[in-house]
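Participant: Build the 3D model from these lines:
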Amino acid sequence: MTAADILVRQLERQQESFLKMVHRVPKDKLDWSPSEGVRSVLDQFQEVATIVGDHWEIYSDRKMDWDEEKWGAYMERRQQLKTVEELEARLKADTARLVEFTRSLAPEEFAATTQMPFPGDHRVADNIQYHVWNMAYHEGQIAQLLQQLGIDPMG
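Facilitator: As a prediction, this is how the structure comes out:
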């Protein structure tokens, strides 16, 4: 397997796993939160479904321009998607776009540096893998919310 093959496999498998977890949540509990400051499933799904497409410059330009105003606009845009169906369609489309991008890269491009507004060394491969990590992280958060609702997240 090549690096692209591995990343594509991880993207596709994690997307499937994340969506299975989301589909365990009763529709009337999508916007539920156990307490103030705890993000709902809907809020987390809005992030996961839109972060890649709304910040595509990370992949196309290998650079992320970030400031509070841009982040605020992103937060408003993502809140426009309110149903599981809309969010699932968006997640699948943006993940498919990232898969296509990943498959288009020459092997040496995975190690190319990207400019991020956060400290540390960021490479193209890291930014692709971030989508896998983000889906896995929020899958775990959603599993915890299901447990609080008395629903077996592995059910």
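
Participant: Looking at the chain, which helix is longest?
Facilitator: helix 124-148 (DSSP state H).

Participant: Let me see the ranges of the helices in this structure.
Facilitator: Along the chain, the segments classed as helices by DSSP H run 3-23, 41-54, 57-60, 68-78, 84-104, 124-148.

Participant: Packed most tightly, which of those would that be?
Facilitator: Highest mean neighbour count among the helices of the chain (mean count of other C-beta atoms under 10 Å): helix 41-54, with a mean of 21. From N, CA and C alone the C-beta is placed, and that goes for glycine too.

Participant: what residues does that helix touch?
Facilitator: Contacts of helix 41-54 from elsewhere in the structure, counted by C-beta atoms under 8 Å, 6 or more residues apart in numbering, are 18, 22, 25, 29-32, 74, 77-79, 81-82, 84, 87-88, 90-91, 93-95, 97-98, 131, 134-135, 138, 141-142, 145.

Participant: Report the rounded mean pLDDT for stretch 34-49.
Facilitator: Per-region confidence: stretch 34-49 scores 96 on mean pLDDT.
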